[in-house]
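In: sequence first, predicted coordinates after that:
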Amino acid sequence: MPELAFAVKAGHRKHGIGAALLTQWVRANPEQSFISLRVGPNNPAVRLYERFGFKVAGQTDKSVTMRREI
């Protein structure tokens, strides 16, 4: 299963850049039926990923693993 990793520099967050990156990645890779990513447990990006259909697949005190299955 591929693991997706990207970041938006702190001063550029909350401007839709992360959503645009994720939108373009999903559109450019329609053959990827499973996508997994990891994020910090208190990272507000969790809500962004949930909007894109990602669900929590596992959690530790240091990270949340999320998966999107088409």
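Out: Structure's in. What do you need? Numbers count the residues shown, from 1 in each chain.
In: residue ranges of the helices in this structure, please?
Out: Ranges of helices within the chain are 17-28, 45-51, based on DSSP state H.
In: could I get the ones you listed in TSV, plus columns for mean pLDDT, distance to residue 65 and mean neighbour count?
Out: Yep, even glycine has a C-beta here, placed from its N, CA and C like the rest. Output for these, formatted as TSV (pLDDT from 0 to 100; distance: least, Cβ to Cβ, whole Å; neighbours: other Cβ atoms under 10 Å):
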stretch	mean pLDDT	distance to residue 65	mean neighbour count
helix 17-28	90	16	13
helix 45-51	91	11	15
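In: would TSV of these with distance to residue 58 be doable?
Out: Formatted as TSV, these follow (distance: least, Cβ to Cβ, whole Å):
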stretch	distance to residue 58
helix 17-28	20
helix 45-51	13
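In: show me where the protein dips below the pLDDT cut-off.
Out: Low-confidence segments of the chain, defined by pLDDT under 70, span residues 1-4.
In: what separates the residue sitting furthest away from the middle of it from residue 37, distance-wise?
Out: Here the chain reaches farthest from its C-alpha mean at residue 11, the gap being 19.0 Å by Cα atoms, centre = their mean. Distance check for residue 11 against residue 37: by Cβ to Cβ, to the nearest Å, it reads 22 Å.
In: also residue 66?
Out: When residue 66 is compared with residue 37 (using Cβ to Cβ), they lie 5 Å apart.
In: who's more crowded, the two?
Out: residue 66 (23 against 20; other Cβ atoms under 10 Å).
In: residue contacts, that one?
Out: 36-39, 46, 49-50, 54-57 (Cβ atoms under 8 Å, 6 or more residues apart in numbering).
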